[in-house]
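Asks: I'll drop the sequence and a predicted model, then ask my questions.
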Amino acid sequence: MKSFEDFGFACLDNVPPVLAPAFVELVRASDRDTAALAFDVRSGGAFGDATTTLEALLNAGLRPEVLFLDADDETLVRRYSETRRRHPLYGTASTLIEAISAERASLAELRDRADFLWDTTNFTQAILKEHIDSTFVANGTRHTRTTVIAFGFKYGVPLDADWTFDVRFLPNPHYQLELRPLNGNDAEVAAFLETSADLEPFLERLFALVDFVVPRARAEGKSQLTFAIGCTGGRHRSVYVARRMARHLTEMGEDAPAIEERDLRR
């Protein structure tokens, strides 16, 4: 919310959903034309329901967009420990993990209808602010924003991926001693992978699918499309293929995609 404030949004944090329409009317009566609200997860009853509130805003002729921030359980536990904040559902659960699980269940419907779903497990505050800028602020324009994530299956599949592809069938540079300390951005790793007879046939089919999917996602009004490319450790094959996909997206006329090399430094 501090990032949205920095970008000039009228902001209201931890708001019961029932109060959202009144705040929106205040914003409309002011000189602001953008607002950001963070809903209280303890909605329901007199506090109102987030989904019902969103429907009411839509019926009022507005176009609310839902940004849902997620992270894996280990990261959430660490963040609560570092900030020494009490989870809002801790009173109804005996442990923090149980409170997080209850929160996931209560927000499942909202997560499903989110316009933007970001896995912040490996985000710094600076990365989060950059995502907010490029998605909601930059140039005042809105496109289908594409993101390509290179990851390692051993560390888990990204939570926010729309499409996930497995490239572990390609020869693994990890088993080449001279290539092991390098990564998929290095020319030596690229040269090794390009000797595989399977690489180009795979990329040809992958790019054909991307060419088919992206314009149709845009036609449906999808604002964000995330492709995830996974190998074992997330350092060599996935990084190389993610870079090739990003280059292809640019060549087909899309805005330069965001590239996240999630596990490169593990």
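Replies: That came through fine. Residues are numbered from 1 along each chain as shown.

Asks: can you map out the helices along the stretch 151-266 of the chain?
Replies: 187-193, 199-219, 237-251 (DSSP state H, counting those that start in this stretch).

Asks: Just put the ones you listed in CSV and tack on mean pLDDT.
Replies: Below are these laid out as CSV (pLDDT from 0 to 100):
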stretch, mean pLDDT
helix 187-193, 97
helix 199-219, 93
helix 237-251, 96
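
Asks: and of those, who's closest to Glu103?
Replies: helix 199-219 (28.8 Å; Cβ to Cβ). Any C-beta I mention is one placed from the backbone N, CA and C, and that applies to glycine too.

Asks: And the closest one, what's buried?
Replies: 199, 206-207, 210, 213-214, 217 (16 or more other Cβ atoms under 10 Å).

Asks: Report the backbone C-alpha coordinates of stretch 72-80 in CSV.
Replies: Listed next in CSV are the C-alpha coordinates belonging to stretch 72-80 (Å, rounded to 0.1, in the frame of the first residue of the first chain):
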residue,chain,number,x,y,z
ASP,A,72,4.5,-20.1,0.3
ASP,A,73,3.8,-21.0,4.0
GLU,A,74,7.5,-21.0,5.0
THR,A,75,7.9,-17.5,3.8
LEU,A,76,4.7,-16.3,5.4
VAL,A,77,5.8,-17.7,8.8
ARG,A,78,9.2,-16.1,8.5
ARG,A,79,7.6,-12.7,7.6
TYR,A,80,5.3,-12.8,10.6
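
Asks: Surely Ile259 touches Ala242?
Replies: Yes: if you go by Cβ atoms under 8 Å, Ile259 and Ala242 touch, sitting 6.2 Å apart.

Asks: Need the overlap of contacts for the two.
Replies: Common neighbours of Ile259 and Ala242 (criterion: Cβ atoms under 8 Å, 6 or more residues apart in numbering): 148-150.

Asks: Show me which of those is closest to His131.
Replies: The closest of the shared contacts of Ile259 and Ala242, once distances to His131 are taken by Cβ to Cβ, is Ile149, at 12.5 Å.

Asks: so where's this structure uncertain?
Replies: 41-45, 138-143, 221 (pLDDT under 70).
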